[in-house]
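**Student:** sharing a model prediction with you, sequence too.
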Protein chains: 2
Amino acid sequence: MAKTPQGGTANASRRDAQGTRLRLLDAASELFAERGYERATVRDIASRAGANQALLFRYFGSKKALFGEVMARGGQEQLRSTPPERLFEVALRGMLAGGGKAGTDRSLEVCLRSIGGSDEIAEALRGLGEEYAEVLATLSEGETGSLRADLALSWLLGIGLMRVVVAKEPLASADPDTVCALVAGALGNLLENLPKNGPADGESAGNPE
Amino acid sequence: MAKTPQGGTANASRRDAQGTRLRLLDAASELFAERGYERATVRDIASRAGANQALLFRYFGSKKALFGEVMARGGQEQLRSTPPERLFEVALRGMLAGGGKAGTDRSLEVCLRSIGGSDEIAEALRGLGEEYAEVLATLSEGETGSLRADLALSWLLGIGLMRVVVAKEPLASADPDTVCALVAGALGNLLENLPKNGPADGESAGNPE
DNA sequence: CCCTTGTGTAAGCACCTGCTTACATCACGG
DNA sequence: CCGTGATGTAAGCAGGTGCTTACACAAGGG
């Protein structure tokens, strides 16, 4: 089977650069999501990947570059594969589901836990935020459309912050459906083209120019 | 003028423990708000206070204890001096005003910038959050009252996060009145007893008891 | 006067961080 | 068989962190 370890089907038994590179990337994804950028050390990342930290630097150059690759890899799948009017709910449900499951997009979680870090990190996070906001902005018309999108995104991040990072009760263990319904109801006034399925929705009051 | 330096009107010219203790506390408040817990170093705090870091440890014991005193000092004035139905708007406006002015309560800003830190810090933040949420919970009835309060608080923090920490445009430089109006409109569905009013203060709608 | 007590300060310690270097080990080509 | 280059590893470096220790100065009382 295994062709040259360089080839395609990574055997990854012993000496396989591609394989260890991938393991490093996965381990970094996990640890950045669990602890944020600053508190996830390169030693821990390498250790979880079953590799040496020197390899990390050989393959990625620096911790920041590794962070960049992590964010670029998983961050935008969800963004592209979800229609705008469902993006908010999907992202919210992903956040509410928490980090338990594998395969879910944890890049927003990484954002939340990395906020206190250096300014360059904040820059990267702003980038991801702008991609989300850009999509959400299509749900509102008028000049305040992108501002409304920012506010919606703010709520999304705030909920994740309180639930995942701070673990404030009763939000931390509230039923995702309940939370979704409450948020969707209140958000109906903000993003006009959001599909209304929540319990409460008034008629939208006059819009502000 | 100056009585004994121990006395009341701190001359603080040379050897005044009370004075330097206060200066350390003030410097810590500023730096924690500017950089968060982790990135504010004891050396910087002592330096800004015009003191030596050894004094900081003599007076406060540890960096965490200093953080605790900072949070306990300024954190709850606003909370106690504001009637519940105006708490959200006051806190939101404080957040929107940003750190420019002195004297405003920056404890929420400290929270936002310190999130990535150690677990004990998250605990302290949860404490402040619960006090806010407890007050906000009085604005909704039913079983989901405190959950709605959590969601409102989440939005508050999320907005601060996007505006102050991430500096995402257009939210970062949006007009506070506009933001307040948008949020209040959407939040009317969530907190039933929130006073629905225009942007600026106007005369006090209902006075507190 | 000296001695005690409170205040301020410089230097250092132990640890952790991202990152680098020198060296072992394996695969493969001559 | 040996060399050559890619892969993996241990040890170390420079810098920063919270925190401690040993010491200098000022005030006041015996």
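**Tutor:** Looks like it came in fine.
**Student:** residue ranges with poor pLDDT in chain A?
**Tutor:** Counting by pLDDT under 70, chain A shows low-confidence ranges at A:1-14, A:75, A:99-103, A:193-209.
**Student:** how near is residue A:38 to residue A:26?
**Tutor:** Per C-beta to C-beta, to the nearest Å, residue A:38 is found 20 Å from residue A:26. Glycine gets a C-beta too; all of them are placed from N, C-alpha and C.
**Student:** swap that for residue A:77, please
**Tutor:** 15 Å.
**Student:** now swap in residue A:60 and tell me
**Tutor:** 13 Å.
**Student:** close to chain B, is the lengthiest helix in chain A?
**Tutor:** If you go by DSSP state H, chain A has its longest helix at helix A:17-39. Yes: where contact is defined by C-beta under 8 Å from any C-beta of the partner chain, part of helix A:17-39 touches chain B, namely A:36-39.
**Student:** now tabulate those in JSON lines and tack on neighbour count.
**Tutor:** Shown next, in JSON lines, are the residues of helix A:17-39 next to chain B (neighbours: other C-beta atoms under 10 Å in any protein chain shown):
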{"residue": "A:36", "neighbour count": "23"}
{"residue": "A:37", "neighbour count": "27"}
{"residue": "A:38", "neighbour count": "19"}
{"residue": "A:39", "neighbour count": "18"}
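**Student:** how about the residues you listed, which pair is most distant?
**Tutor:** Spatially, the most separated pair among the residues of helix A:17-39 next to chain B is A:37 and A:39, at 7.7 Å (C-beta to C-beta).
**Student:** what's the overlap in contacts for these two?
**Tutor:** Common neighbours of residue A:37 and residue A:39 are listed as A:113, B:116 (criterion: C-beta atoms under 8 Å, 6 or more residues apart in numbering or on different chains).
**Student:** all strands of chain A, in order?
**Tutor:** For chain A, no strands are identified by DSSP state E.
**Student:** contact residues of it facing DNA strand C?
**Tutor:** Contacts of chain A with DNA strand C, taken as C-beta under 7 Å from any atom of the strand, map to A:4-5, A:14-15, A:40-43, A:53-54, A:57, A:61-64.
**Student:** most surrounded residue in those residues?
**Tutor:** Tallying neighbours with other C-beta atoms under 10 Å in any protein chain shown puts residue A:40 at the head of the residues of chain A next to DNA strand C, with 24 neighbours.
**Student:** shouldn't it be in contact with residue A:27?
**Tutor:** No: using C-beta atoms under 8 Å, residue A:40 makes no contact with residue A:27, being 9.3 Å away.
**Student:** now whichever residue of chain A sits closest to chain B. Nearest residue, chain neighbours left out?
**Tutor:** Nearest residue of chain A to chain B: residue A:158, at 2.4 Å (C-beta to the nearest C-beta). Of all residues not flanking residue A:158 in the chain, residue B:158 sits nearest, at 2.4 Å (C-beta to C-beta, 6 or more residues apart in numbering or on different chains).
**Student:** next up, the contacts around the one you found.
**Tutor:** If you count contacts by C-beta under 8 Å, 6+ apart, then residue B:158 has A:153-159, A:161 around it.
**Student:** and for residue A:40?
**Tutor:** Residue A:40 touches A:28, A:31-32, A:34, counting by C-beta under 8 Å, 6+ apart.
**Student:** what residues does chain A have near DNA strand D?
**Tutor:** A:6, A:14-17, A:19-20, A:51-55, A:58.
**Student:** now do residue A:119 against residue A:134, distance only.
**Tutor:** 22 Å.
**Student:** who's more crowded, the two?
**Tutor:** Using other C-beta under 10 Å as the criterion, residue A:119 and residue A:134 rank with residue A:134 on top: 13 against 7.
**Student:** quick one: contacts for the more buried one?
**Tutor:** Neighbouring residues of residue A:134 by C-beta under 8 Å, 6+ apart: A:146, A:149.
**Student:** now residue A:132
**Tutor:** Per C-beta under 8 Å, 6+ apart, neighbours of residue A:132: A:79, A:87, A:91, A:153, A:156.
**Student:** show the buried residues in these.
**Tutor:** Among these, the ones that count as buried by 16 or more other C-beta atoms under 10 Å in any protein chain shown are A:79, A:87, A:91, A:153, A:156.
**Student:** my guess is the second one contacts residue A:135, does it?
**Tutor:** Right, residue A:87. Yes: assessed by C-beta under 8 Å, residue A:87 is found in contact with residue A:135 at 5.5 Å.
**Student:** what is in contact with the two at once?
**Tutor:** With C-beta under 8 Å, 6+ apart, residue A:87 and residue A:135 have common neighbours residue A:79.
**Student:** phi first, then psi, for residue A:118.
**Tutor:** Phi and psi for residue A:118, reported as degrees, to the nearest 10, are phi -70, psi 170.
**Student:** repeat that for residue A:49.
**Tutor:** Dihedral angles (degrees, to the nearest 10) for residue A:49: phi -80, psi 0.
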